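Student: have a look at this prediction, sequence included:
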Amino acid sequence: MEDSNNTDRELWERGRSGDQAAFGTLFDRHADTVYNHLRRRLQSSADAEDLTSAVFLHAWRRRHEVVLDRDSVLPWLLAVANHTAANQRRALGRYRAALGRLAPEPDVADHAQAVAERVDDAADLARLRKAVARLPAHERDVIELCVWTGLDQQAAAVSLGIAVGTVKSRLARARQRLGHALTARHPSADLPDLGAS
């Protein structure tokens, strides 16, 4: 049976029965999207790789318990990724707090900003990332899922556990805030495409 022609739901059901090839197809189909989502949230390629593996390991271990209510497994995988990233951030916070109690960190100059300012594209991306980082978390989540990850509003709603109407209103507010923030700092700058649909 050609796995690329099967829906996620069909592959998931086969995976639930222990079909590793079907589960592998789901991994091949969605690993890049999960990785990119985590990369944007964590700002670390290595952490995103580790957590992508953790997400699919979690999915494999829980495959007998989870029944998909949609044809796509991606919203559920992204919800698992969000929880996994949150757990990782909390653990990192606890680790940093423990280190802070042991010894103060030496001051180290950060040259990354100076390098980014030398390259126009990098500067534009940095401005956009900063503007997105200043959004309220609930609006930032919708931007990340709908614009950068490419989920439709329905799938984003499932991933976040909220109504589609809430996704639409958060997305509209986030676009408006980003437009104001970017034009206020650089009125002559071209705005990046924020997914108008």
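Tutor: It's in.

Student: please parse the protein into its domains.
Tutor: Listed domain ranges for the chain are 1-108, 109-186 (source: automatic domain parsing).

Student: could the ones you listed be laid out in TSV, adding mean neighbour count?
Tutor: All C-beta spots, glycine's among them, are computed from the backbone N, C-alpha and C. Output for the domains of the chain, formatted as TSV (neighbours: other C-beta atoms under 10 Å):
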stretch	mean neighbour count
domain 1-108	15
domain 109-186	16
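
Student: export these to TSV and tack on mean pLDDT?
Tutor: TSV is the format used below for these (pLDDT from 0 to 100):
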stretch	mean pLDDT
domain 1-108	87
domain 109-186	82
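
Student: tell me which element the residue nearest to residue 47 when sequence neighbours are not counted is part of?
Tutor: Leaving aside its sequence neighbours, residue 47 sits nearest to residue 88 (C-beta to C-beta, 6 or more residues apart in numbering; 6.7 Å). Using DSSP states H and E, residue 88 falls within helix 74-102.

Student: what packs against that helix?
Tutor: Contact here means 3 or more C-beta pairs under 8 Å, 6 or more residues apart in numbering; DSSP states H and E; on that basis helix 74-102 packs against helix 20-42, helix 45-62, helix 153-160.

Student: pipe these into CSV and attach distance to residue 93 per row.
Tutor: Listed next are the helices and strands packed on helix 74-102 as CSV, based on distance: least, C-beta to C-beta, whole Å:
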stretch, distance to residue 93
helix 20-42, 13
helix 45-62, 14
helix 153-160, 22
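
Student: quick one: closest of these to residue 129.
Tutor: helix 20-42 (8.6 Å; C-beta to C-beta).

Student: hmm, who's touching that closest one?
Tutor: With contact meaning C-beta atoms under 8 Å, 6 or more residues apart in numbering, helix 20-42 is reached by 3-4, 6, 8, 10-12, 14-15, 45, 47-49, 51-52, 55-56, 59-60, 63, 73-74, 77-78, 81-82, 84-85, 88-89, 144-145, 148-150.

Student: and if we set it to 7 Å?
Tutor: Where contact means C-beta atoms under 7 Å, 6 or more residues apart in numbering, the residues beyond helix 20-42 that reach it are 3, 8, 11-12, 14-15, 45, 48-49, 51-52, 55-56, 60, 73-74, 77-78, 81, 85, 144, 148-149.
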